[in-house]
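Undergrad: here's a sequence, model it:
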Amino acid sequence: NGSILSQDITQLDLSNGELSDPAKLVQLKNLSRLDLQNTGITDKQYRVLAENLPECEIIWSVPFQGQYYLNSTESLRITSLTEADVAQLSYFPKLSQIDASECEDYAALQLLLAQYPQCDIRCKLPVAGQVIDAAATSLSVQNPDLMELKAILPYFKSLQTVTLTGTLPSNEELH
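TA: Sure thing, here's the model as predicted:
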């Protein structure tokens, strides 16, 4: 932005400003901390900086679902979800909790659960015509579809018991 900086600089705070050319920052190879929060940098600009300054802690505001959140965010509440949103969550390395209990895009929720197993994700998933909290410890299914169960049960991390009633698969199918 017209400033001349020494290439030996190790920390730079450009927060709350406008960057005319963020790519020029890659010349500052000694940076250990770069604060770019509230500067409006894009995902692509961030990736260029992160790839070229691998030893630098970059603080920035991540665009997510029409809002901006610090990349140090640890907890998010999500009311809708797309595959693109799931991918965008990768910019939050400290994310440990996601409340997606109001989401009904079950395919995106399954993708979220699969890609972020380290997160405590609160959500509900469809099982045999029911919508069940993914934190459930027990599950009762009438006339189970074995293929559906095999696909969905891994997402129920706290599940301890499953009760099957009605028309049941054969013993061979269950094993």
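Undergrad: is residue 132 in a helix, a strand, or coil?
TA: For residue 132, the assignment made with DSSP: H, G, I helix; E, B strand; the rest coil gives strand.
Undergrad: what do you get for residue 121?
TA: Counting by three-state DSSP, the backbone at residue 121 sits in strand.
Undergrad: any idea how far residue 102 is from it?
TA: Noted for residue 121: a distance of 13 Å to residue 102, by CB to CB, to the nearest Å. For the C-beta atoms, the positions are set from N, CA and C on the backbone; glycine is no exception.
Undergrad: when those two are compared, which one has more neighbours?
TA: residue 121 (23 against 13; other CB atoms under 10 Å).
Undergrad: and the helices in the protein, which stretches?
TA: Assigned by DSSP state H, the helices in the chain fall at 43-52, 83-88, 106-115, 146-152, 171-174.
Undergrad: let me know which of those helices is the nearest to residue 16.
TA: Residue 16 lies closest, by CB to CB, to one member of those: helix 43-52, at 16.5 Å.
Undergrad: what sits up against the closest one?
TA: Applying CB atoms under 8 Å, 6 or more residues apart in numbering, the external contacts of helix 43-52 come out as 22-23, 25-26, 34, 36, 41, 56, 58, 60, 62-63, 88, 91.
Undergrad: okay if I get those as TSV plus distance to residue 15?
TA: TSV is the format used below for those (distance: CB to CB, whole Å):
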residue	distance to residue 15
22	13
23	18
25	13
26	19
34	10
36	7
41	11
56	15
58	12
60	9
62	14
63	16
88	21
91	17
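Undergrad: and of those residues, the nearest to residue 137?
TA: Taking CB to CB as the measure, residue 137 sits nearest to residue 88 out of the contacts of helix 43-52, at 31.2 Å.
Undergrad: number of residues surrounding the nearest residue to that closest one once chain neighbours are set aside?
TA: Nearest residue to residue 88 in three dimensions, chain neighbours excluded: residue 64, at 5.4 Å (CB to CB, 6 or more residues apart in numbering). Here the number of neighbours of residue 64 (other CB under 10 Å) works out to 16.
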